[in-house]
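**Q** test case, fold it:
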Amino acid sequence: MASSAAGIIFSSLNNNTLSRLTSDRTVAAIPFACRYRLVDFCLSNLVNANISNISIVANYNYRSLMDHIGSGKDWDLARRESGINFISPFQTAFNADGEMFSTRMEALKSMKKEYIDEFKEEYVVLMDSDQVVNIDIADVIKAHEKTDADVTFVTTDISPDYTAKHPQMMLSSVAGKVAQIAMSASYDERHPEHSIGIYVMKTVYLRRLIEEATAFNLDSLTQLFLKNCKSANYRAYKYSGFVASVSSFLDYYKYSMELATSEAARESLLWKKEAPIFTRVHNSAPTRHTSTAKVENSMIADECVIEGTVINSVIFREVKVEKGAVVKNCVLFHGTHVGKDAKLNCIVTDKDVNITEGVTLSGNDNMPFYVQKGRKI
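**A** Sure, this is the predicted structure:
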(Lines give C-alpha, C1' and ligand atoms only; values in the text may rest on other atoms or scores of the structure.)
Protein backbone atom coordinates (compact mmCIF):
# COMPACT_ATOMS: atom_id res chain seq x y z
CA MET A 1 0.00 0.00 0.00
CA ALA A 2 1.39 3.38 -1.01
CA SER A 3 2.22 5.81 1.79
CA SER A 4 0.58 9.21 2.16
CA ALA A 5 4.04 10.77 2.27
CA ALA A 6 6.49 12.12 -0.30
CA GLY A 7 10.26 12.20 0.14
CA ILE A 8 12.87 14.86 -0.65
CA ILE A 9 16.57 13.91 -0.52
CA PHE A 10 19.25 16.62 -0.48
CA SER A 11 22.26 15.18 -2.29
CA SER A 12 25.01 17.76 -1.88
CA LEU A 13 24.83 19.74 1.38
CA ASN A 14 28.40 18.94 2.52
CA ASN A 15 30.24 18.92 -0.80
CA ASN A 16 32.76 21.46 0.56
CA THR A 17 33.55 19.60 3.79
CA LEU A 18 33.92 16.32 1.90
CA SER A 19 35.90 17.84 -0.96
CA ARG A 20 38.38 14.95 -1.29
CA LEU A 21 35.54 12.54 -2.01
CA THR A 22 33.37 14.97 -4.01
CA SER A 23 35.74 16.33 -6.64
CA ASP A 24 34.09 13.99 -9.18
CA ARG A 25 30.78 13.16 -7.45
CA THR A 26 28.13 14.62 -5.21
CA VAL A 27 27.85 13.60 -1.54
CA ALA A 28 24.93 11.25 -2.21
CA ALA A 29 27.07 9.27 -4.67
CA ILE A 30 29.98 8.64 -2.28
CA PRO A 31 30.65 4.87 -2.04
CA PHE A 32 30.09 3.37 1.41
CA ALA A 33 30.16 -0.02 3.14
CA CYS A 34 31.84 -1.86 0.21
CA ARG A 35 28.84 -2.00 -2.17
CA TYR A 36 26.55 0.97 -1.53
CA ARG A 37 26.36 4.71 -2.15
CA LEU A 38 25.18 7.10 0.57
CA VAL A 39 21.94 7.75 -1.31
CA ASP A 40 21.02 4.04 -1.08
CA PHE A 41 20.24 4.41 2.61
CA CYS A 42 17.89 7.35 2.09
CA LEU A 43 16.12 5.64 -0.81
CA SER A 44 15.81 2.32 1.03
CA ASN A 45 14.42 3.97 4.18
CA LEU A 46 11.75 5.67 2.09
CA VAL A 47 10.92 2.64 -0.06
CA ASN A 48 10.69 0.38 3.00
CA ALA A 49 8.01 2.80 4.27
CA ASN A 50 6.11 2.42 0.95
CA ILE A 51 7.00 5.97 -0.10
CA SER A 52 7.21 6.08 -3.89
CA ASN A 53 7.14 9.81 -4.75
CA ILE A 54 10.76 10.80 -4.18
CA SER A 55 12.61 13.92 -5.33
CA ILE A 56 16.41 14.01 -5.29
CA VAL A 57 17.80 17.54 -5.25
CA ALA A 58 21.10 17.73 -7.15
CA ASN A 59 23.42 20.68 -7.54
CA TYR A 60 26.59 19.69 -9.42
CA ASN A 61 28.82 16.67 -10.01
CA TYR A 62 25.66 14.59 -10.16
CA ARG A 63 26.41 12.41 -13.21
CA SER A 64 27.61 9.41 -11.16
CA LEU A 65 24.52 9.76 -8.96
CA MET A 66 22.22 9.55 -11.98
CA ASP A 67 24.23 6.65 -13.43
CA HIS A 68 23.91 4.78 -10.14
CA ILE A 69 20.16 5.28 -9.73
CA GLY A 70 19.17 5.05 -13.40
CA SER A 71 15.43 4.57 -13.76
CA GLY A 72 15.11 3.57 -10.11
CA LYS A 73 14.21 -0.06 -10.92
CA ASP A 74 16.52 -1.49 -8.25
CA TRP A 75 14.39 0.31 -5.65
CA ASP A 76 11.09 -0.54 -7.41
CA LEU A 77 10.74 3.12 -8.40
CA ALA A 78 10.61 2.78 -12.20
CA ARG A 79 6.96 3.78 -12.41
CA ARG A 80 4.60 5.66 -14.69
CA GLU A 81 3.34 7.65 -11.74
CA SER A 82 5.50 8.92 -8.88
CA GLY A 83 8.91 7.20 -8.76
CA ILE A 84 12.12 9.25 -8.72
CA ASN A 85 12.33 12.88 -9.79
CA PHE A 86 15.77 14.41 -10.23
CA ILE A 87 15.67 18.10 -9.42
CA SER A 88 18.65 18.97 -11.58
CA PRO A 89 20.90 22.01 -11.16
CA PHE A 90 19.09 25.28 -11.37
CA GLN A 91 19.78 28.90 -10.57
CA THR A 92 17.80 30.47 -7.78
CA ALA A 93 15.55 33.23 -9.03
CA PHE A 94 15.82 35.09 -5.73
CA ASN A 95 19.62 35.16 -5.81
CA ALA A 96 20.83 38.36 -7.47
CA ASP A 97 24.14 36.75 -8.43
CA GLY A 98 22.38 33.83 -10.10
CA GLU A 99 24.31 31.29 -8.02
CA MET A 100 23.10 27.75 -7.45
CA PHE A 101 21.53 26.91 -4.11
CA SER A 102 23.74 26.16 -1.14
CA THR A 103 21.11 25.43 1.54
CA ARG A 104 18.02 23.26 1.90
CA MET A 105 15.74 26.29 1.99
CA GLU A 106 17.18 27.79 -1.19
CA ALA A 107 16.46 24.50 -2.93
CA LEU A 108 12.96 24.23 -1.44
CA LYS A 109 12.09 27.78 -2.51
CA SER A 110 13.10 27.07 -6.08
CA MET A 111 11.23 23.76 -6.34
CA LYS A 112 8.05 24.86 -4.54
CA LYS A 113 5.95 25.91 -7.51
CA GLU A 114 6.71 23.03 -9.89
CA TYR A 115 7.07 20.21 -7.37
CA ILE A 116 6.03 20.82 -3.76
CA ASP A 117 2.80 22.61 -4.67
CA GLU A 118 1.92 19.57 -6.79
CA PHE A 119 2.40 17.01 -4.01
CA LYS A 120 -0.83 15.14 -3.30
CA GLU A 121 0.62 13.37 -0.27
CA GLU A 122 -0.36 14.62 3.19
CA TYR A 123 3.16 14.37 4.61
CA VAL A 124 6.69 15.00 3.40
CA VAL A 125 9.95 13.50 4.67
CA LEU A 126 13.12 15.58 4.21
CA MET A 127 16.41 13.66 4.33
CA ASP A 128 20.09 14.64 4.19
CA SER A 129 22.13 12.13 2.21
CA ASP A 130 25.17 12.42 4.49
CA GLN A 131 23.29 10.78 7.38
CA VAL A 132 23.62 6.99 7.10
CA VAL A 133 20.98 5.06 9.05
CA ASN A 134 18.50 2.21 8.65
CA ILE A 135 15.34 3.49 10.32
CA ASP A 136 11.62 2.70 10.19
CA ILE A 137 10.30 5.88 8.55
CA ALA A 138 6.74 4.56 8.74
CA ASP A 139 7.05 4.47 12.53
CA VAL A 140 8.39 8.04 12.56
CA ILE A 141 5.35 9.16 10.55
CA LYS A 142 3.04 7.32 12.98
CA ALA A 143 4.66 9.11 15.92
CA HIS A 144 4.31 12.40 14.05
CA GLU A 145 0.58 11.79 13.51
CA LYS A 146 0.02 10.70 17.11
CA THR A 147 1.51 13.89 18.57
CA ASP A 148 0.03 16.19 15.90
CA ALA A 149 3.50 17.70 15.57
CA ASP A 150 4.41 20.52 13.23
CA VAL A 151 7.83 18.93 12.66
CA THR A 152 9.26 15.66 13.96
CA PHE A 153 13.06 15.60 14.20
CA VAL A 154 14.84 12.24 14.23
CA THR A 155 17.56 12.50 16.87
CA THR A 156 20.22 10.40 18.54
CA ASP A 157 21.99 10.82 21.86
CA ILE A 158 25.59 11.99 21.66
CA SER A 159 28.47 11.23 24.00
CA PRO A 160 30.35 13.87 26.04
CA ASP A 161 33.42 13.46 23.80
CA TYR A 162 31.44 14.28 20.62
CA THR A 163 33.03 16.80 18.25
CA ALA A 164 32.22 17.80 14.68
CA LYS A 165 34.13 19.80 12.10
CA HIS A 166 31.23 22.23 11.71
CA PRO A 167 28.29 23.21 13.95
CA GLN A 168 25.47 20.67 13.94
CA MET A 169 21.83 20.95 15.00
CA MET A 170 21.49 19.92 18.65
CA LEU A 171 18.26 19.63 20.61
CA SER A 172 16.91 19.08 24.08
CA SER A 173 13.52 17.46 24.54
CA VAL A 174 11.20 16.74 27.46
CA ALA A 175 8.83 13.77 27.02
CA GLY A 176 9.42 14.02 23.28
CA LYS A 177 8.65 17.76 23.05
CA VAL A 178 11.55 19.78 21.68
CA ALA A 179 12.41 22.45 24.24
CA GLN A 180 15.49 24.02 22.67
CA ILE A 181 17.45 23.95 19.42
CA ALA A 182 21.05 25.12 19.13
CA MET A 183 23.95 24.89 16.71
CA SER A 184 27.12 23.39 18.18
CA ALA A 185 30.23 21.49 17.08
CA SER A 186 30.67 19.75 20.43
CA TYR A 187 28.70 18.16 23.24
CA ASP A 188 26.59 20.46 25.41
CA GLU A 189 24.66 18.95 28.32
CA ARG A 190 21.89 21.48 27.69
CA HIS A 191 21.35 20.03 24.19
CA PRO A 192 22.30 16.33 24.38
CA GLU A 193 20.49 15.15 21.23
CA HIS A 194 21.83 15.41 17.68
CA SER A 195 19.43 15.89 14.77
CA ILE A 196 20.36 13.33 12.12
CA GLY A 197 18.87 15.22 9.19
CA ILE A 198 15.48 13.52 8.90
CA TYR A 199 12.43 15.76 9.26
CA VAL A 200 8.76 14.79 8.96
CA MET A 201 6.02 17.39 8.53
CA LYS A 202 2.72 17.94 6.79
CA THR A 203 3.08 19.14 3.22
CA VAL A 204 0.98 22.22 3.99
CA TYR A 205 3.35 23.07 6.85
CA LEU A 206 6.38 22.80 4.54
CA ARG A 207 4.69 25.18 2.09
CA ARG A 208 4.04 27.56 4.97
CA LEU A 209 7.70 27.42 6.03
CA ILE A 210 8.84 28.22 2.50
CA GLU A 211 6.45 31.17 2.32
CA GLU A 212 7.69 32.40 5.71
CA ALA A 213 11.31 32.09 4.59
CA THR A 214 10.53 34.11 1.48
CA ALA A 215 8.71 36.81 3.47
CA PHE A 216 11.54 37.17 6.02
CA ASN A 217 14.33 36.70 3.44
CA LEU A 218 15.68 33.62 5.22
CA ASP A 219 17.75 31.11 3.26
CA SER A 220 18.17 28.47 5.97
CA LEU A 221 15.69 25.85 7.13
CA THR A 222 17.63 25.69 10.39
CA GLN A 223 17.05 29.42 10.94
CA LEU A 224 13.32 28.82 10.67
CA PHE A 225 13.44 25.94 13.12
CA LEU A 226 15.33 28.15 15.59
CA LYS A 227 12.91 31.03 15.07
CA ASN A 228 9.78 28.93 15.57
CA CYS A 229 10.96 26.51 18.25
CA LYS A 230 9.07 28.13 21.14
CA SER A 231 5.77 28.63 19.31
CA ALA A 232 5.61 25.47 17.19
CA ASN A 233 4.90 21.88 18.23
CA TYR A 234 8.28 20.34 17.49
CA ARG A 235 8.81 16.72 18.50
CA ALA A 236 11.88 14.49 18.79
CA TYR A 237 11.91 10.85 17.66
CA LYS A 238 14.94 9.32 19.33
CA TYR A 239 16.79 6.57 17.42
CA SER A 240 19.23 4.31 19.28
CA GLY A 241 20.74 2.26 16.42
CA PHE A 242 23.87 2.85 14.35
CA VAL A 243 24.09 6.32 12.77
CA ALA A 244 26.95 7.59 10.61
CA SER A 245 26.93 11.38 10.28
CA VAL A 246 29.34 11.76 7.38
CA SER A 247 30.08 15.48 7.55
CA SER A 248 33.85 15.29 6.95
CA PHE A 249 36.47 13.04 5.38
CA LEU A 250 37.59 11.90 8.84
CA ASP A 251 33.97 11.04 9.73
CA TYR A 252 33.76 8.96 6.57
CA TYR A 253 36.91 7.05 7.46
CA LYS A 254 36.01 6.46 11.11
CA TYR A 255 32.50 5.18 10.35
CA SER A 256 33.89 2.92 7.62
CA MET A 257 36.32 1.45 10.15
CA GLU A 258 33.51 0.98 12.68
CA LEU A 259 31.48 -0.99 10.14
CA ALA A 260 34.50 -3.14 9.26
CA THR A 261 35.19 -4.06 12.87
CA SER A 262 31.79 -3.99 14.60
CA GLU A 263 29.24 -6.73 13.98
CA ALA A 264 26.68 -4.74 16.00
CA ALA A 265 27.05 -1.78 13.64
CA ARG A 266 26.63 -4.03 10.58
CA GLU A 267 23.55 -5.67 12.11
CA SER A 268 21.95 -2.29 12.83
CA LEU A 269 22.65 -0.85 9.39
CA LEU A 270 22.87 -3.69 6.87
CA TRP A 271 21.40 -6.92 8.20
CA LYS A 272 17.81 -6.08 9.12
CA LYS A 273 15.66 -8.67 7.34
CA GLU A 274 12.56 -6.51 7.62
CA ALA A 275 14.40 -3.45 6.26
CA PRO A 276 16.89 -4.36 3.51
CA ILE A 277 19.18 -1.76 1.99
CA PHE A 278 18.78 -1.76 -1.79
CA THR A 279 21.43 -0.72 -4.27
CA ARG A 280 22.21 -0.97 -7.95
CA VAL A 281 22.53 -4.64 -8.89
CA HIS A 282 25.75 -5.81 -10.56
CA ASN A 283 26.00 -9.29 -12.04
CA SER A 284 29.45 -9.91 -10.61
CA ALA A 285 31.57 -12.98 -10.05
CA PRO A 286 32.30 -13.90 -6.42
CA THR A 287 35.51 -12.75 -4.80
CA ARG A 288 38.44 -15.17 -5.04
CA HIS A 289 40.71 -15.81 -2.05
CA THR A 290 43.91 -17.70 -2.86
CA SER A 291 45.84 -19.97 -0.51
CA THR A 292 48.10 -17.06 0.47
CA ALA A 293 45.22 -14.78 1.45
CA LYS A 294 44.59 -13.73 5.04
CA VAL A 295 41.48 -11.69 5.93
CA GLU A 296 40.41 -10.38 9.36
CA ASN A 297 37.56 -8.03 10.37
CA SER A 298 36.94 -6.78 6.85
CA MET A 299 34.09 -6.14 4.43
CA ILE A 300 34.89 -7.29 0.90
CA ALA A 301 32.64 -6.85 -2.13
CA ASP A 302 32.26 -9.19 -5.13
CA GLU A 303 34.70 -9.64 -8.01
CA CYS A 304 37.87 -9.04 -5.96
CA VAL A 305 41.06 -11.08 -5.95
CA ILE A 306 42.71 -11.37 -2.55
CA GLU A 307 46.17 -12.94 -2.52
CA GLY A 308 47.68 -10.93 0.35
CA THR A 309 46.62 -9.79 3.83
CA VAL A 310 43.55 -7.61 4.50
CA ILE A 311 42.82 -6.52 8.09
CA ASN A 312 40.17 -4.12 9.43
CA SER A 313 39.38 -2.81 5.96
CA VAL A 314 36.53 -2.05 3.56
CA ILE A 315 37.14 -3.34 0.02
CA PHE A 316 34.92 -2.39 -2.92
CA ARG A 317 34.34 -4.29 -6.19
CA GLU A 318 37.13 -5.37 -8.55
CA VAL A 319 39.98 -4.70 -6.11
CA LYS A 320 43.10 -6.84 -6.37
CA VAL A 321 45.51 -7.33 -3.46
CA GLU A 322 48.58 -9.20 -4.69
CA LYS A 323 50.62 -11.80 -2.83
CA GLY A 324 52.71 -10.36 0.01
CA ALA A 325 50.75 -7.10 0.12
CA VAL A 326 49.36 -5.98 3.48
CA VAL A 327 46.26 -3.76 3.70
CA LYS A 328 45.34 -2.61 7.22
CA ASN A 329 42.70 -0.08 8.33
CA CYS A 330 42.01 0.95 4.74
CA VAL A 331 39.11 1.80 2.45
CA LEU A 332 39.84 0.77 -1.15
CA PHE A 333 37.38 1.97 -3.80
CA HIS A 334 36.37 0.12 -6.95
CA GLY A 335 39.19 -0.99 -9.23
CA THR A 336 42.09 -0.36 -6.83
CA HIS A 337 45.16 -2.53 -7.47
CA VAL A 338 47.64 -3.19 -4.67
CA GLY A 339 50.91 -4.59 -6.00
CA LYS A 340 53.07 -7.37 -4.62
CA ASP A 341 54.62 -6.68 -1.18
CA ALA A 342 53.01 -3.22 -0.93
CA LYS A 343 52.11 -2.06 2.59
CA LEU A 344 49.08 0.17 3.22
CA ASN A 345 47.88 1.46 6.59
CA CYS A 346 45.10 4.01 7.20
CA ILE A 347 44.67 4.71 3.48
CA VAL A 348 41.58 5.66 1.44
CA THR A 349 42.00 5.10 -2.30
CA ASP A 350 39.51 6.46 -4.79
CA LYS A 351 38.54 4.55 -7.96
CA ASP A 352 41.11 2.86 -10.19
CA VAL A 353 44.17 3.63 -8.08
CA ASN A 354 47.31 1.59 -8.77
CA ILE A 355 49.70 1.01 -5.85
CA THR A 356 52.79 -0.55 -7.40
CA GLU A 357 55.03 -3.32 -6.09
CA GLY A 358 56.83 -2.69 -2.81
CA VAL A 359 55.30 0.73 -2.09
CA THR A 360 54.60 1.64 1.56
CA LEU A 361 51.94 4.24 2.41
CA SER A 362 50.73 5.10 5.89
CA GLY A 363 48.44 7.57 7.58
CA ASN A 364 47.01 7.35 11.08
CA ASP A 365 43.60 7.01 12.73
CA ASN A 366 43.11 10.78 12.93
CA MET A 367 44.70 11.62 9.59
CA PRO A 368 44.11 8.89 7.00
CA PHE A 369 45.97 9.34 3.73
CA TYR A 370 43.84 9.84 0.59
CA VAL A 371 44.86 8.79 -2.93
CA GLN A 372 43.01 10.51 -5.77
CA LYS A 373 41.07 8.71 -8.49
CA GLY A 374 43.23 7.09 -11.16
CA ARG A 375 46.58 7.82 -9.45
CA LYS A 376 49.56 5.50 -9.82
CA ILE A 377 52.01 5.37 -6.94
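**Q** got any ranges where the stretch 1-150 of the chain has weak pLDDT?
**A** Low-confidence segments of the stretch 1-150 of the chain (pLDDT under 70): 1-2, 14-15, 89-100.
**Q** go again using 80 as the cut-off
**A** Residues of the stretch 1-150 of the chain meeting the criterion pLDDT under 80: 1-3, 13-17, 60, 88-102.
**Q** all helices for it, in order.
**A** 38-47, 63-69, 104-111, 137-147 (DSSP state H, counting those that start in this stretch).
**Q** how near is A33 to F41?
**A** As defined by Cβ to Cβ, to the nearest Å, A33 lies at a distance of 9 Å from F41. Every C-beta, even on glycine, is put in place using the N, C-alpha and C of the backbone.
**Q** okay, and the common contacts of those two?
**A** Residues touching both A33 and F41 (Cβ atoms under 8 Å, 6 or more residues apart in numbering) are L269.
**Q** check contacts around the residue nearest the centre of the chain.
**A** For the chain, the residue whose C-alpha lies nearest the mean C-alpha position (Cα atoms, centre = their mean) is D130; its distance is 3.0 Å. For D130, the residues meeting the contact criterion (Cβ under 8 Å, 6+ apart) are L13, N14, L18, V27, L38, G197, S245, V246, S247.
**Q** ok, now R280?
**A** Neighbouring residues of R280 by Cβ under 8 Å, 6+ apart: H68, I69, G70, D74.
**Q** what residue in this structure is the furthest from its centre?
**A** When distances are taken from the C-alpha mean of the chain, S291 lies farthest, 36.9 Å away, according to Cα atoms, centre = their mean.
**Q** state the pLDDT value of that residue.
**A** The predicted local distance difference test score for S291 is 98.
**Q** helix or strand: which one has it?
**A** Using DSSP states H and E, S291 falls within no helix or strand.
**Q** that older thread, of the contacts of R280, buried ones?
**A** H68, I69, D74 (16 or more other Cβ atoms under 10 Å).
**Q** what separation do you get for N59 and D251?
**A** As for N59, its distance to D251 is 20 Å (criterion: Cβ to Cβ).
**Q** between those two, point out the one with more neighbours.
**A** N59 (21 against 18; other Cβ atoms under 10 Å).
**Q** hmm, that one is touching F10, no?
**A** No. Under the criterion of Cβ atoms under 8 Å, N59 is not in contact with F10, lying 9.0 Å apart.
**Q** hang on, the earlier thing: which one of the contacts of D130 is nearest S268?
**A** Of all the contacts of D130, the one with the least separation from S268 (Cβ to Cβ) is S245, at 14.5 Å.
**Q** which ones are touching the closest residue to that closest one other than its chain neighbours?
**A** Once its chain neighbours are removed from consideration, S245 has its nearest residue in Q131; the separation is 5.7 Å (Cβ to Cβ, 6 or more residues apart in numbering). The neighbours of Q131, taking Cβ under 8 Å, 6+ apart as the test, are I196, G197, I198, V243, A244, S245, V246.
**Q** pull the contacting residues for the closest residue in space to N354 that isn't next to it in sequence.
**A** Of all residues beyond its chain neighbours, the one nearest N354 is K376 (4.4 Å), with distances taken as Cβ to Cβ, 6+ apart. Going by Cβ under 8 Å, 6+ apart, K376 touches V353, N354, T356.
**Q** do that again at 10 Å, thanks
**A** Applying Cβ atoms under 10 Å, 6 or more residues apart in numbering, one finds that K376 lies in contact with H337, D352, V353, N354, I355, T356, V359.
**Q** quick check: the first one touching T356?
**A** Read that as H337. Yes. If you go by Cβ atoms under 10 Å, H337 and T356 touch, sitting 8.6 Å apart.
**Q** mark out where each domain of the chain begins and ends.
**A** 5-269, 288-371 (automatic domain parsing).
**Q** re the thing from before, of the contacts of R280, which pair is most distant in space?
**A** Greatest spatial distance in the contacts of R280: H68 and D74, 9.2 Å, computed using Cβ to Cβ.
**Q** who touches both of the two?
**A** D40, T279, R280.
**Q** which among those gets closest to T163?
**A** Scanning the shared contacts of H68 and D74 for proximity to T163, where the rule is Cβ to Cβ, the winner is D40, at 27.4 Å.
**Q** tell me the pLDDT of the residue nearest to N354.
**A** K376 is assigned a pLDDT of 98 by the prediction.
**Q** quick one, phi psi at it?
**A** When quoted as degrees, to the nearest 10, the phi and psi of K376 stand at phi -120, psi 130.
**Q** now it: how far from T349?
**A** Counting by Cβ to Cβ - K376 and T349 are separated by 11 Å.
**Q** swap in I51?
**A** Taking Cβ to Cβ as the measure, I51 falls 35 Å from T349.
**Q** go on, V133?
**A** As judged by Cβ to Cβ, V133 and T349 stand 26 Å apart.
**Q** kindly report the same for R288.
**A** 20 Å.
**Q** thought S44 was touching M127?
**A** No. If you go by Cβ under 10 Å, S44 and M127 don't touch, sitting 11.1 Å apart.
**Q** give me the pLDDT for S220.
**A** S220 is assigned a pLDDT of 92 by the prediction.
**Q** just H191 next, same as before
**A** Per-residue confidence at H191 stands at 81 (pLDDT).
**Q** same thing with the one 3 residues further on?
**A** pLDDT for H194: 91.
**Q** run a quick neighbour tally on the closest residue to it other than its chain neighbours.
**A** For H194, the nearest residue in space outside its immediate sequence neighbours is I158; the separation is 4.8 Å by Cβ to Cβ, 6+ apart. Other residues near I158 number 21, with proximity taken as other Cβ under 10 Å.
**Q** coming back round to it: who touches both of S44 and M127?
**A** Once Cβ under 10 Å, 6+ apart is applied, the residues that S44 and M127 both contact turn out to be I137.
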